[in-house]
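# Give me a model of this one.
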Amino acid sequence: MDDGFDLHAELAAGVRDAAGAWRFVRLFAASYASPVLAGDGCDDEELRAAEARLGFPLPASLREAYALIGRRFDLTGAQDRLLAPDEVTVDDTGQVLVFRVENQHVAQWGIPLSAVTEPDPPVVFRLESVTRAERAWQPFLDRVSLACVEMALSEWMLSGGVYGDNRELDDDAIALLEEQFRRLPMPDYPLWAAPGGRPMRWFDGLGAILREDAGQWLWVRAASADRIAAVRRALPGEWLMDEG
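The predicted structure is shown next:
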């Protein structure tokens, strides 16, 4: 993680448009995981078969995501899952193309069919384990490419790195987080489990990346035990992986 990659600057460029998003995913993977290779993406035959089954082309950004990292489990499926091309489907309302699911199928992410011809359409989500009246699709992020940046960050965060930890948050811990760590330029977006609550936010500092889940929970991942220990000292509390 110390190879000269400027996470803040590259993410700021990555959230501007689709081209920036794919550049960011490549650079982030090379710096924090492993480089994106040709075999990490789905081939054109798979994507054309999915389009033939659906009866319409996949949006350009979704197609690009599959072609780039469709087989990279650490960036697409460690916690929640990017559906394989042959699993992408229209939801039961006939209104949304579903392409990602929560690991226990409690939530889904998709693209409104009304926008499916756009090159980089908005992404919506809905909860499954609620009453029918509460299952309405809600806004997630305004572009597929931006949702893929979020996916790569989140799946990497939760993909089982040796040096990681997590804890519950309270107002004092949030105040310390905002004071001692730098906010990363990822736009606010909702936590699927608490869609009406605080937004999801990302931070970095002390050689670590941190994800704040709507003021409720904090995840951190770094490249060494020393860096995780430094984060724990900066944010004292009940860290779940801290053995003393």
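
# how many neighbours does Ala225 have?
Residues contacting Ala225 under the criterion other CB atoms under 10 Å number 10. Bear in mind the C-beta positions are built from the backbone N, C-alpha and C, glycine included.

# Which parts of the protein are helices?
In the chain, helices defined by DSSP state H lie at 7-14, 18-32, 44-54, 60-69, 73-76, 144-157, 171-180, 225-234, listed in chain order.

# May I see the buried residues of the second one?
When burial is assessed from 16 or more other CB atoms under 10 Å, helix 18-32 yields the following buried residues: Ala18, Gly20, Ala21, Trp22, Phe24, Val25, Arg26, Leu27, Phe28, Ala29, Ser31, Tyr32.

# likewise the first one?
Residues Leu7, Glu10, Leu11, Ala13, Gly14 are the ones in helix 7-14 that count as buried (16+ other CB under 10 Å).

# Please tell me how far the third one sits from Asp226.
With the distance defined as CB to CB, to the nearest Å, Leu11 ends up 24 Å from Asp226.

# could I get the helices of the chain as CSV with mean pLDDT and distance to Met241?
As requested, the helices of the chain are exported to CSV (pLDDT from 0 to 100; distance: least, CB to CB, whole Å):
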stretch, mean pLDDT, distance to Met241
helix 7-14, 97, 23
helix 18-32, 97, 19
helix 44-54, 98, 38
helix 60-69, 98, 27
helix 73-76, 97, 19
helix 144-157, 98, 14
helix 171-180, 97, 16
helix 225-234, 97, 8
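
# Looking at those helices, spot the one closest to Trp217.
helix 171-180 (10.4 Å; CB to CB).

# Export only the CA atoms of that closest one, formatted as CSV.
Taking Å, rounded to 0.1, in the frame of the first residue of the first chain, the C-alpha atoms of helix 171-180 are listed here in CSV:
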residue,chain,number,x,y,z
ASP,A,171,-21.1,9.7,18.8
ASP,A,172,-17.8,10.2,20.5
ALA,A,173,-16.1,7.7,18.2
ILE,A,174,-17.6,9.4,15.2
ALA,A,175,-16.3,12.7,16.4
LEU,A,176,-12.8,11.2,16.7
LEU,A,177,-13.1,9.6,13.3
GLU,A,178,-13.9,12.9,11.7
GLU,A,179,-11.2,14.7,13.6
GLN,A,180,-8.3,12.3,13.1
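
# Spit out the contact partners of Val149.
Each residue near Val149 by CB atoms under 8 Å, 6 or more residues apart in numbering is listed here: Leu11, Gly14, Val15, Ala21, Phe24, Val25, Met186.

# For it, which non-adjacent residue is closest in space?
Of all residues not flanking Val149 in the chain, Ala21 sits nearest, at 5.1 Å (CB to CB, 6 or more residues apart in numbering).

# Tell me who's in contact with that neighbour.
So Ala21 contacts Gly14, Val15, Ser61, Arg143, Ser145, Leu146, Cys148, Val149 (CB under 8 Å, 6+ apart).

# Among those, which one sits closest to Leu68?
Among these, and counting by CB to CB, the member closest to Leu68 is Cys148, at 8.5 Å.

# Domain ranges for this protein, per the record?
Domain segmentation of the chain under automatic domain parsing yields 7-154, 161-234.

# Would you point out which residue is most central in this protein?
Met151 (2.2 Å; CA atoms, centre = their mean).

# Pretty sure that one sits against Arg100.
Yes - using CB atoms under 8 Å, Met151 is in contact with Arg100, at 7.0 Å.

# Overlap of the contact sets of the two?
Among the neighbours of Met151, those also in contact with Arg100 (CB under 8 Å, 6+ apart) are Asp80, Leu82.

# Including distance to Trp239, could the buried residues of helix 18-32 go into a markdown table?
A markdown table is the format used below for these (distance: CB to CB, whole Å):
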| residue | distance to Trp239 |
| --- | --- |
| Ala18 | 37 |
| Gly20 | 34 |
| Ala21 | 32 |
| Trp22 | 35 |
| Phe24 | 29 |
| Val25 | 29 |
| Arg26 | 32 |
| Leu27 | 29 |
| Phe28 | 25 |
| Ala29 | 27 |
| Ser31 | 25 |
| Tyr32 | 21 |
